[in-house]
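Engineer: Structure of the sequence below:
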Amino acid sequence: MSSGSPFADLAANGPWIAPSLLACDFGRLNEEIARAEEAGVRILHLDVMDGRFVPNISFGFPILDAARRATRLPLDVHLMIEEPDRYIDRFCDAGADALTIHIECSPDPGDILSRIRQRGVAAGLSLNPPTPVAALESHLDDCDQVLVMSVMPGFGGQEFDAAALGKLRRLRGLRPTGLVLSIDGGINEETIGATAEAGADLLVAGTAFFGYPDYQERHVRLGELARNGRQPGKEGQGMTAG
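Structural biologist: Prediction:
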């Protein structure tokens, strides 16, 4: 974990819920962020899609700029984009507290991760469902976060891929002290306990958070399920990788 990382306490004190702004009402972005803060959220997740690495396009610098002006919460920015090295400084300048790139786009990511950390931003690597943990094992010491995708990014309506649980367990056994393990894709009441039990510290929730009218109730409920998943015999132990 790099010195001064905004995620310095996540691995030790998780699990945490990270609502994904992709699922919020962008017409009321400031209000949505304020309501999430009032609900007790400690970190926000932003998915950037380029239409190349993934088939959809989401948002870029203007939304990140707006989110940064609206909150002091850490902004966890997930770059699902080709050639991420071209945009690292722009995203850092726009206010990202963490930048995660994909190992599939940057198979030798050491220099990019170093650049991110040099900007005082937490550096992360993500891997898609078909990608084995072995693809990034040699870079764990260069990361502040590893994000396991439990669906293929860019496609809606997919079921949670339980193989992600095995990846989390392997990473839990390999990770250096302080490395944050995150998961994104299909996180809801049925899956969140199992992912926390497998080792996820940061659980990205989109419609499972923003799809409900009472954000405080959702934050409490998802948090309880995640914490229960880390206790033997609770919800998290019912789902296995298949």
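Engineer: distance between whatever helix or strand E217 lives in and the chain's centre?
Structural biologist: E217 belongs to helix 215-229 when assigned by DSSP states H and E. Mean-position distance between helix 215-229 and its chain equals 17 Å (Cα atoms, centre = their mean, to the nearest Å).
Engineer: Show the average pLDDT along that helix.
Structural biologist: Helix 215-229 shows a mean pLDDT of 95.
Engineer: What residues of that helix count as buried?
Structural biologist: Neighbour-count burial for helix 215-229 flags 215, 218-219, 221-223, 225-229 (criterion: 16 or more other Cβ atoms under 10 Å). Every residue, glycine included, has its C-beta placed from N, CA and C.
Engineer: Now flag whichever of those is closest to L113.
Structural biologist: Distance to L113 across these (Cβ to Cβ) is lowest for A226, with 27.3 Å.
Engineer: wait, what's in contact with that closest one?
Structural biologist: 15, 17, 192-193, 195-196, 200, 203, 236 (Cβ atoms under 8 Å, 6 or more residues apart in numbering).
Engineer: neighbours around R170, how many?
Structural biologist: As a burial measure, R170 scores 17 neighbours (other Cβ atoms under 10 Å).
Engineer: now it: how far from V133?
Structural biologist: Remark: distance between R170 and V133 (Cβ to Cβ, to the nearest Å) = 5 Å.
Engineer: Report the beta-bridge partner residues of V204.
Structural biologist: Note on V204: beta-bridge partners by DSSP bridges are A18, D184.
Engineer: Report the contact partners of it.
Structural biologist: Contacts for V204 (Cβ under 8 Å, 6+ apart) come out as 18-20, 45, 147, 182-185, 187.
Engineer: Same question for I88.
Structural biologist: 99, 112, 115-116, 119.
Engineer: let's go with 7 Å and repeat that
Structural biologist: For I88, the contact set (Cβ atoms under 7 Å, 6 or more residues apart in numbering) comprises 99, 112, 115-116.
Engineer: try A39
Structural biologist: For A39, the contact set (Cβ under 7 Å, 6+ apart) comprises 215-216, 219.
Engineer: What of E159?
Structural biologist: Taking Cβ under 7 Å, 6+ apart, we find E159 in contact with G186.
Engineer: what about 10 Å?
Structural biologist: Contacts for E159 (Cβ atoms under 10 Å, 6 or more residues apart in numbering) come out as 150-151, 185-186, 191.
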